[in-house]
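Participant: with the input below, show me the fold.
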Amino acid sequence: MAIGTLVSEPAGIRIRARSASRATERLVGLIAQPLPAAGSGLWIEPCRSVHTFGVRGPLDLVFVSRSGLVLRVCERVPPRTARVTWDARAVLELRAGETHRLGLRPGMRLHWSKETGGGK
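Facilitator: Below you'll find the predicted structure:
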């Protein structure tokens with residue numbers, strides 16, 4: 001998994017994220033994993049639907065278009081449920097409450113930047 005940063009426009013919010021781009025990484029996601037820390041998350045691409053079966057707690061989900069436009073924000077999605085946004089290209093999974101705390105909302109843009117130099 002690659003490590004990188006998502007930056008929002010116009011607010012300049014920065015979120016450190018792991019990228020799940022391989023099929024097995026996308027399938028597993030956060031199943032049986034610790035929830036992301038504040039200010040970090042899991043970027044899943046390509047992805048337009050998410051389930052929370054096997055996830056340890058509620059999540060905030062941010063569905064993003066191919067151009068980086070935030071299409072939909074689902075807050076506090078409980079375990080054992082699913083969400084889909086057909087126009088999405090990627091989903092950012094965050095600890096519940098992070099979208100509100102960070103001010104993420106539909107209409108913003110998110111841009112992925114992969115870290116270089118070993119991710120430190």
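Participant: only C-alpha atoms from now on, for both contacts and neighbour counts.
Facilitator: Fine.
Participant: who's in contact with the helix or strand of the chain with the lowest mean pLDDT?
Facilitator: The least trusted helix or strand in the chain, going by mean pLDDT, DSSP states H and E, turns out to be helix 23-28, with a mean of 85. Applying CA atoms under 8 Å, 6 or more residues apart in numbering, the set of residues contacting helix 23-28 from outside is 1, 20, 44, 45, 47.
Participant: got JSON lines for these, with secondary structure and distance to residue 86 too?
Facilitator: Compiled in JSON lines, the contacts of helix 23-28 are given as follows (DSSP: H, G, I helix; E, B strand; the rest coil; distance: CA to CA, whole Å):
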{"residue": "1", "secondary structure": "coil", "distance to residue 86": "25"}
{"residue": "20", "secondary structure": "strand", "distance to residue 86": "19"}
{"residue": "44", "secondary structure": "strand", "distance to residue 86": "15"}
{"residue": "45", "secondary structure": "coil", "distance to residue 86": "13"}
{"residue": "47", "secondary structure": "coil", "distance to residue 86": "9"}
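Participant: just for the protein, where's the confidence low?
Facilitator: Within the chain, the ranges that satisfy pLDDT under 70 run 117-120.
Participant: and the spatially most central residue of the chain, what does it touch?
Facilitator: Within the chain, the residue whose C-alpha comes closest to the C-alpha centroid is residue 92; the distance, by CA atoms, centre = their mean, is 1.0 Å. Under the criterion of CA under 8 Å, 6+ apart, the contact partners of residue 92 comprise 41, 42, 43, 44, 61, 62, 63, 64.
Participant: number of residues surrounding residue 112?
Facilitator: 17 (other CA atoms under 10 Å).
Participant: can you classify it as helix, strand or coil?
Facilitator: strand (DSSP: H, G, I helix; E, B strand; the rest coil).
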